[in-house]
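Peer 1: My questions are about this predicted structure, shown below with the sequence.
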Amino acid sequence: MRILLATDAWEPQVNGVVRTLIRTVAECRAMGHEVEVVSPDQFKTVPLPTYPEIRLAVGAYEPMQERFKAFEPEAIHIATEGPVGLAARRLCVEWKLPFTTSYHTRFPEYVAARFPVPSTAGYAYMRWFHKPSGRVMVATPTMRDELEKRGFTNLSPWTRGVDTDLFQPREALAAAGVPDPYAGRARPVFLNVGRVAVEKNIEAFLELDLPGSKAVVGDGPSREALTQKYPDVMFAGMKFEQDLAAFFAYADVFVFPSLTDTFGLVLLEAMAAGTPVAAYPAPGPVDIVPGSGAGVLSDDLREACVEALKIDRAHARAYAERFSWRASTEEFIRNLQPYPAPEKTRFWRRLRRLARLRRRTQIGGVKTPDARV
């Protein structure tokens with residue numbers, strides 16, 4: 001298939017959504033599909049208020065039309081609810097094109113954490129955005145149930161994968177000569193990886209009275225303030241590839257204090273490195289950790305951290321090996337709603353014909369009533 005992916009989350013952003021989409025695109029191409037990615041870096045952008053690292057596309061609608069016409073997608077997936085996603089959604093609705101969406105982040109809670117906007121308003125927008133979608137892909141059963149209660153329909157599962165070749169246990173990294181990034185710091189090391197922002201609830205982790213030391217990998221609008229407030233914590237900034245794998249593998253416990261994530265890809269990445277997880281029983285962790293032998297959930301996060309130290313790291317690795325990106329991508333492909341072959345051919349042929357007609361009337365200087373698709 002020719003698959004068009006419209007997303008406001010893409011490189012150079014660094015987060016679980018971007019990693020999920022990049023790996024899904026790579027797997028789709030490896031399976032023989034052609035994928036066209038429409039992302040903010042292809043447009044003029046402005047910084048997101050309170051979070052300048054994220055850029056928002058400006059004036060995406062008209063260029064989006066040209067991208068649709070040039071690529072002639074057989075399936076369209078809209079991954080995010082920002083300006084790029086809105087432009088793609090508008091085209092799909094106007095041109096009566098089937099499309100799917102996915103629910104990656106708790107947008108209403110994120111907005112409410114930064115602005116005096118009630119989450120009910122955010123959920124009203126999200127229901128409006130996803131309502132025309134043929135399928136709304138969600139990562140976990142807990143998130144599906146929650147969205148159903150909030151009035152969302154057409155929900156379908158789309159689980160996640162983990163790169164077990166990149167994220168490996170510390171023994172494998174040590175044998176390959178990859179050094180311990182925590183050398184000289186007190187053990188045990190408790191690690192958090194992710195966006196350093198208020199909605200990630202990182203201070204719940206930093207405030208804990210734990211033995212050893214703490215480390216935070218990632219960047220975001222709260223990093224500077226937290227670095228000053230917690231001088232004993234190691235704030236390592238952004239890390240990538242093998243460097244990131246080393247931070248996961250050489251940590252003793254991965255601490256996930258977020259209450260707003262829909263999945264938490266970093267949970268699987270930690271487990272693949274053999275590092276047990278400590279988290280609250282919130283959506284994401286509650287769908288991954290129970291019964292895994294790879295982590296501990298508790299409303300008392302300190303208790304979860306201490307108990308996680310007792311877990312056999314081999315169990316964590318073994319559990320992560322059950323998740324593959326190929327299986328995740330196959331599920332994604334099954335969820336797509338492509339046009340039947342005869343219908344899609346007629347549609348794009350008609351659209352090209354109308355485009356040629358418009359160009360001829362513009363060149364001839366003759367105004368004609370606007371043709372509708």
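Peer 2: Great, that's in hand.
Peer 1: in the sheet, who's paired with the residue nearest to F43 when sequence neighbours are not counted?
Peer 2: Residue nearest to F43 in three dimensions, not counting chain neighbours: A57, with 4.0 Å by Cβ to Cβ, 6 or more residues apart in numbering. C-beta here means a position set from N, CA and C on the backbone, and glycine is covered the same way. Applying DSSP bridges to A57 gives these bridge partners: T45.
Peer 1: For burial, what's the neighbour tally of A57?
Peer 2: Here the number of neighbours of A57 (other Cβ atoms under 10 Å) works out to 24.
Peer 1: again with R313
Peer 2: 18.
Peer 1: for T260, same thing?
Peer 2: 19.
Peer 1: what's it in contact with, if anything?
Peer 2: By Cβ atoms under 8 Å, 6 or more residues apart in numbering, the contact set of T260 is T105, R106, E109, Y110, A113, E199, K200, N201, A282.
Peer 1: what does T159 give?
Peer 2: Shown in contact with T159 (Cβ under 8 Å, 6+ apart): A139, T140, F323, A327, S328, E331.
Peer 1: at 6 Å what do you get?
Peer 2: By Cβ atoms under 6 Å, 6 or more residues apart in numbering, the contact set of T159 is S328.
Peer 1: which SS state does it fall under?
Peer 2: At T159 the chain is in coil, as set by DSSP: H, G, I helix; E, B strand; the rest coil.
Peer 1: So it versus F323, what's the distance?
Peer 2: Plainly put, T159 is 7 Å away from F323 if you go by Cβ to Cβ, to the nearest Å.
Peer 1: same thing with V37?
Peer 2: With the distance defined as Cβ to Cβ, V37 ends up 23 Å from F323.
Peer 1: give me the number of residues near the closest residue to Y61 other than its chain neighbours?
Peer 2: Leaving aside its sequence neighbours, Y61 sits nearest to A87 (Cβ to Cβ, 6+ apart; 4.5 Å). Neighbour count for A87, taken as other Cβ under 10 Å: 25.
Peer 1: same deal with D163?
Peer 2: Neighbours of D163 under the rule other Cβ under 10 Å: 18.
Peer 1: Against A9, how distant is it?
Peer 2: Relative to A9, D163 is positioned 18 Å away (Cβ to Cβ).
Peer 1: again with M271
Peer 2: Distance, M271 to A9, by Cβ to Cβ: 23 Å.
Peer 1: and D300, how many residues sit next to it?
Peer 2: Residues contacting D300 under the criterion other Cβ under 10 Å number 11.
Peer 1: and it, what pLDDT?
Peer 2: We have a pLDDT of 98 for D300.
Peer 1: cool, and G264?
Peer 2: Looking at G264, its pLDDT is 87.
Peer 1: wouldn't it be in contact with G284 here?
Peer 2: Yes - if you go by Cβ atoms under 6 Å, G264 and G284 touch, sitting 3.9 Å apart.
Peer 1: T100: what's its closest spatial neighbour, skipping adjacent residues?
Peer 2: R135 (4.6 Å).
Peer 1: cool, H315 as well?
Peer 2: Closest residue in space to H315, ignoring its immediate chain neighbours: G293 at 4.0 Å, by Cβ to Cβ, 6+ apart.
Peer 1: What of L297?
Peer 2: In space, and not counting its chain neighbours, L297 is closest to P281: 4.4 Å by Cβ to Cβ, 6+ apart.
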